[in-house]
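Asker: okay, here's the prediction I keep looking at, along with the sequence it came from:
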Amino acid sequence: MRFDIISVLPELLESPLNHSIMKRAKDKGLLEVLVHQLRDYATGKHRQVDDYQFGGGAGMVMKPEPLAACIRKLQAERQYDEVIYTSPDGVRLDQALCNRLSLKENLLVICGHYKGVDERIREEFVTLEISIGDYVLSGGELAAAVMVDSIGRLIPGVLNDETSALFDSFQDDLLAPPVYTRPAEWEGRVVPEVLLSGNDKLIDEWLHEQSLERTKARRPDLWDKFVHSH
Ligand code: ADE
């Protein structure tokens with residue numbers, strides 16, 4: 001799978017995507033992430049990528065020409081399954097959307113900055129607008145990094161234990177159960193006995209029960225969804 005990311009601050013994407021699981025995914029050839037500096041597509045002495053808002057609102061807007069030049073160059077080289085714009089007014093990224101996008105081959109991501117991109121770019125090129133939550137970031141790069149990570153780890157072969165993504169929180173509309181490691185007793189707190197029992201059936205039942213209780217207690221919204229779909 002390949003991500004092309006258009007950004008005015010490529011530095012922000014370097015560290016999060018070059019360590020741990022993302023690094024392994026790239027090393028294994030399962031994930032490619034190419035970051036394109038938008039300023040390289042701007043013309044004029046100052047290579048300006050933003051300009052004043054028509055109508056007089058506060059804050060700058062990303063100019064259409066450099067974005068269009070960059071998107072068109074990339075689109076001439078490959079077909080993108082989606083052209084994604086990171087924005088607080090997009091659809092909320094959730095596990096279902098990550099699952100769906102993890103099946104794609106090529107995704108193009110435009111990172112917004114300032115007050116956002118000129119609306120005509122959205123009309124002309126963007127097929128999907130994604131928000132990572134109801135808060136405002138100073139730029140779309142962190143949202144793009146969250147997307148690459150949450151989608152990239154779902155590509156088959158990226159995680160060591162193929163089954164582990166199946167047991168993530170949200171994968172079946174439930175939160176994950178609590179987990180424990182050694183020592184079996186720490187500062188007077190003991191690991192639930194069932195986990196030490198060696199009885200796989202009992203353990204699975206207990207874990208499922210914990211998932212249900214945790215979801216009911218912490219996320220009534222998810223619990224409702226779970227009850228209605230099962
Ligand atoms: N850009 C600014 N805020 C954002 C958010 N919440 N999600 C995605 N992109 C953003």
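Answerer: Cool, got the structure. What you are looking at is a predicted structure, and each value in this text was computed from that prediction instead of being measured.
Asker: tell me who's in contact with the spatially most central residue of the chain.
Answerer: Closest residue to the average C-alpha location of the chain: M147 at 1.6 Å, with C-alpha atoms, centre = their mean. M147 makes contact with 84, 86, 93, 98, 101, 109, 130, 132 under the criterion C-beta atoms under 8 Å, 6 or more residues apart in numbering. All C-beta spots, glycine's among them, are computed from the backbone N, C-alpha and C.
Asker: same thing but at 7 Å, please
Answerer: If you count contacts by C-beta atoms under 7 Å, 6 or more residues apart in numbering, M147 has them with 93, 109, 130.
Asker: make CSV from the residues you listed and add distance to L212, secondary structure and neighbour count to it.
Answerer: Formatted as CSV, the contacts of M147 follow (distance: C-beta to C-beta, whole Å; DSSP: H, G, I helix; E, B strand; the rest coil; neighbours: other C-beta atoms under 10 Å):
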residue, distance to L212, secondary structure, neighbour count
L93, 25, coil, 19
V109, 36, strand, 27
I130, 30, strand, 22
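Asker: closest to the ligand out of those residues?
Answerer: Nearest to the ligand among the contacts of M147, counting by C-beta to the nearest ligand atom, is I130 at 6.2 Å.
Asker: the residue nearest to the centre of the chain should be in a strand, yeah?
Answerer: No - M147 is assigned helix when assessed by DSSP: H, G, I helix; E, B strand; the rest coil, not a strand.
Asker: what pLDDT does the model give it?
Answerer: M147 carries a pLDDT value of 98.
Asker: that one and S102, how far apart?
Answerer: Distance of M147 to S102, computed by C-beta to C-beta, to the nearest Å: 11 Å.
Asker: also F125?
Answerer: Distance of F125 to S102, given as C-beta to C-beta: 22 Å.
Asker: any idea which helix or strand comes after the host helix or strand of K26?
Answerer: Applying DSSP states H and E as the criterion places K26 in helix 20-27. Following helix 20-27 in sequence order, the next helix or strand is strand 32-37 (DSSP H and E).
Asker: for this protein, which segments count as strands?
Answerer: Taking DSSP state E as the criterion, the chain carries its strands at 2-7, 32-37, 50-52, 60-62, 82-92, 106-111, 128-131, 185-186, 189-190.
Asker: a markdown table please, covering these and showing mean pLDDT.
Answerer: Below are those laid out as a markdown table (pLDDT from 0 to 100):
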| stretch | mean pLDDT |
| --- | --- |
| strand 2-7 | 98 |
| strand 32-37 | 98 |
| strand 50-52 | 96 |
| strand 60-62 | 96 |
| strand 82-92 | 97 |
| strand 106-111 | 98 |
| strand 128-131 | 98 |
| strand 185-186 | 98 |
| strand 189-190 | 98 |
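Asker: tell me the residues of the chain that contact the ligand?
Answerer: Within the chain, the positions adjacent to the ligand are 86-88, 112, 131-133, 135-137, 140, 143 by C-beta under 6 Å from any ligand atom.
Asker: I'd like the distance between the residue of the chain most remote from its centre and K201.
Answerer: Ranking residues of the chain by C-alpha distance from their mean position (C-alpha atoms, centre = their mean) puts G188 at the top, at 38.9 Å. Per C-beta to C-beta, G188 is found 30 Å from K201.
Asker: that older thread, are any of the residues of the chain next to the ligand buried, and if so which?
Answerer: Neighbour counting over the residues of the chain next to the ligand (16 or more other C-beta atoms under 10 Å) leaves 86-88, 112, 131-132, 137, 140, 143 as the buried ones.
Asker: quick one: which of those is nearest D27?
Answerer: Using C-beta to C-beta, the shortest approach to D27 within those belongs to A143, at 24.6 Å.
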